[in-house]
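# Sequence first, then the predicted structure, then my questions.
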Amino acid sequence: MTLALDTLPGLCQDARAMIETCGELDHRAVKICFDTGRYLALGGDVSGEIALLRAAGHLAVVRLTDTAGAAGEAYFPPLGSGGCVDFARTLEILNGVNFAGPCLIDFSPRQRRAASLEQHQVWINESVDQLRSCGWFD
């Protein structure tokens, strides 16, 4: 079993905290769930790509989210719709460090009422199309 700590304020809000937390806990089963969009939303003027490279040795899971880039804002549209995460570069980094763990597609767009099943299917298709165009399924 692996415990994957999420990208949230506190223990894992930035790459330095992720590495320090894993070092302090010092257990082979404690790793990181790196969230591409949330990392940018938490940090303001940060590089998610550099953070991903720095935390690579501690990754268990990568959560693929996008964001429009407003710090502190929990808006995660379908992949490719936010425009702030470079999914081709994310794949290149993960391949470069031989990451073999799972990658999750996640989105939570803002809207007034709950989305229908059909809307969720559209968002999933948009997200998969974005990843496909970046080489994720080659």
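Looks like it arrived, so ask away. Treat the numbers as computed from the prediction; the structure is a model and nothing was measured.

# Scan the chain for its longest helix.
helix 117-133 (DSSP state H).

# where do the strands sit along the protein?
In the chain, the segments counted as strands under DSSP state E are 3-6, 30-35, 59-64, 103-105.

# how about a markdown table for those, with mean pLDDT added?
Converted to a markdown table, the strands of the chain look like this (pLDDT from 0 to 100):
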| stretch | mean pLDDT |
| --- | --- |
| strand 3-6 | 94 |
| strand 30-35 | 96 |
| strand 59-64 | 98 |
| strand 103-105 | 97 |
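
# got the ones you listed as TSV, with distance to residue 93 and mean neighbour count columns?
In short, each C-beta sits where N, CA and C put it, glycine included. Output for those, formatted as TSV (distance: least, C-beta to C-beta, whole Å; neighbours: other C-beta atoms under 10 Å):
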stretch	distance to residue 93	mean neighbour count
strand 3-6	18	17
strand 30-35	10	24
strand 59-64	10	20
strand 103-105	12	14
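
# can you redo those as JSON lines with distance to residue 42?
Output for those, formatted as JSON lines (distance: least, C-beta to C-beta, whole Å):
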{"stretch": "strand 3-6", "distance to residue 42": "11"}
{"stretch": "strand 30-35", "distance to residue 42": "9"}
{"stretch": "strand 59-64", "distance to residue 42": "13"}
{"stretch": "strand 103-105", "distance to residue 42": "18"}
